[in-house]
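>>> Test case, fold it:
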Amino acid sequence: MTETVVSEVLSEVRGQVGFITLNRPRALNALSLGMVRDLMGILLAWQDDARVLAVAIRGSNKEGPFGAFCAGGDIRFLHQAGSTGNPQLEDFFTEEYALNHLIHNYPKPYIAFMDGIVMGGGMGISQGGSLRIVTERTKMAMPETAIGLFPDVGGGYFLSRCPGRVGEWLALTGDTIGAADAIAFKLADGFLAADQQAAVWDALGAQTFADGAAAQQWVASKFVAAGACSISAGGQIDQYFSLDDVPAIVKALEGADSDWARTTAATLRKRSPLMLHVVLEQIRRARGMDLADDLRMERDMVRHCFYLRPGQSETVEGIRALAVDKDHQPKWSPDRIEDVNPALVQDFFKSPWPAHAHPLGHLN
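All right, here's what the predicted structure looks like:
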């Protein structure tokens, strides 16, 4: 009996639109290196295909399309590769970040149906879209500090451009937000009820449009109000997350008299102390960078996450505790926010490559 290998990325052109469905539902469409390569190949081909006026992308769940967009990168692969020195680890990040850059700079409308879980690498393949659609099921986050990583895939760039200090808050805590907050924080463009997505998706391939902009406008015309924001802590976010450094932020939160502040402080105490310091520096540096420079910085940082301290990678340990052994007891080093050496933090921002040999040197 021969086993049918089902592609993890499905693509088709219907009418004037190119449609992509992420098809790895058991893993919540977490991106493998093969998926990154498939997405890159499809988008490069459609970029120059006169038949394709716009691109639409969605995820799938075990019941069918939609329901989960993309939960991030394949962290089990990252753990295995980081533990064994598999060179594909380097390829994964180089190619994933190049894909993120292409999406942000894509010459045609790129419409992302961000239903269900949209985290980590899922943000990387949607935030650069020209139309980012959320639903009542959207659960959006950049939760990397929980696994000893940082919000990569251009996270420095798009989080630092959220209003006020929302970027610092989302990057450090990894907290999850819903549709209304995503729109308010400029991480989504409009709301569509989950049960309306299929009709819009199907109609998009059945109509005739004058150009890509008309196709995008037609989808945007289906948006409805997303309801009230659930985060009422906007002023508090700015008050705490504008402070100079991580110890100051945590100290102020722990001394505050609000449930939100105490809960937020408790969350930060669970994250990798080292990576909290690195992430605060990342977001603040990225605020003054363009996307290409931010992605080059993140490529430097992710190399250091695995190799700066041999045998002592916060990322390998964080993934082990969360996804491999699932003991949820990561042994962070150092284990206190107050004990992080500032010199070690700065080492994450030193490029391991000269400019002419940087793996993302070609991005502009």
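
>>> The helix or strand containing Met123 packs against which elements?
Assessed by DSSP states H and E, Met123 sits inside helix 121-124. Here helix 121-124 is seen to pack against helix 88-104, helix 155-160 when contacts are counted using 3 or more CB pairs under 8 Å, 6 or more residues apart in numbering; DSSP states H and E. (Glycine included, C-beta is placed from N, CA and C.)

>>> mind running it again at 10 Å?
helix 33-47, helix 88-104, strand 110-114, strand 139-141, helix 155-160 (3 or more CB pairs under 10 Å, 6 or more residues apart in numbering; DSSP states H and E).

>>> CA atoms only for it, dumped as CSV, please.
What follows is helix 121-124, C-alpha atoms only, in CSV (Å, rounded to 0.1, in the frame of the first residue of the first chain):
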residue,chain,number,x,y,z
GLY,A,121,6.3,32.7,12.4
GLY,A,122,2.6,33.1,11.6
MET,A,123,3.0,36.8,12.3
GLY,A,124,6.1,36.8,10.0
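
>>> Save the helices and strands packed on helix 121-124 as a markdown table, and put in mean neighbour count too.
Conversion of the helices and strands packed on helix 121-124 to a markdown table gives the following (neighbours: other CB atoms under 10 Å):
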| stretch | mean neighbour count |
| --- | --- |
| helix 33-47 | 18 |
| helix 88-104 | 21 |
| strand 110-114 | 29 |
| strand 139-141 | 22 |
| helix 155-160 | 26 |
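
>>> Which of these sits closest to Leu131?
strand 110-114 (4.5 Å; CB to CB).

>>> Pull up the pairing partners for that closest one, direction included.
Strand 110-114 sits in its sheet next to strand 54-58 (parallel), strand 131-134 (parallel), going by DSSP bridges.

>>> Among those, which comes closest to Arg26?
Proximity to Arg26 (CB to CB) singles out strand 54-58 among the strands paired with strand 110-114, at 16.7 Å.

>>> got the angle between the closest one and helix 33-47?
Interaxial angle, strand 54-58 versus helix 33-47 (axes from the mean of the first three to the mean of the last three CA atoms, to 10 degrees): 160 degrees.

>>> Strand 54-58 vs helix 88-104, what angle?
Using the same axes, to 10 degrees: strand 54-58 against helix 88-104 is 130 degrees.

>>> Could you list the residues in contact with the helix or strand that strand 54-58 is followed by?
Following strand 54-58 in sequence order, the next helix or strand is strand 60-61 (DSSP H and E). Outside of strand 60-61, the residues within contact range by CB atoms under 10 Å, 6 or more residues apart in numbering are 10, 21-26, 28-29, 66-69, 115-117.

>>> any idea of the mean pLDDT in the helix or strand that strand 60-61 is followed by?
Sequence-wise, the next helix or strand downstream of strand 60-61 (DSSP H and E) is strand 64-65. Averaged over strand 64-65, pLDDT sits at 95.

>>> Counting by contacts, list what strand 64-65 packs against.
Under the contact definition 3+ CB pairs under 10 Å, 6+ apart, strand 64-65 sits against strand 17-22, helix 197-204.

>>> Check which element follows that strand along the chain.
Following strand 64-65 in sequence order, the next helix or strand is helix 75-84 (DSSP H and E).
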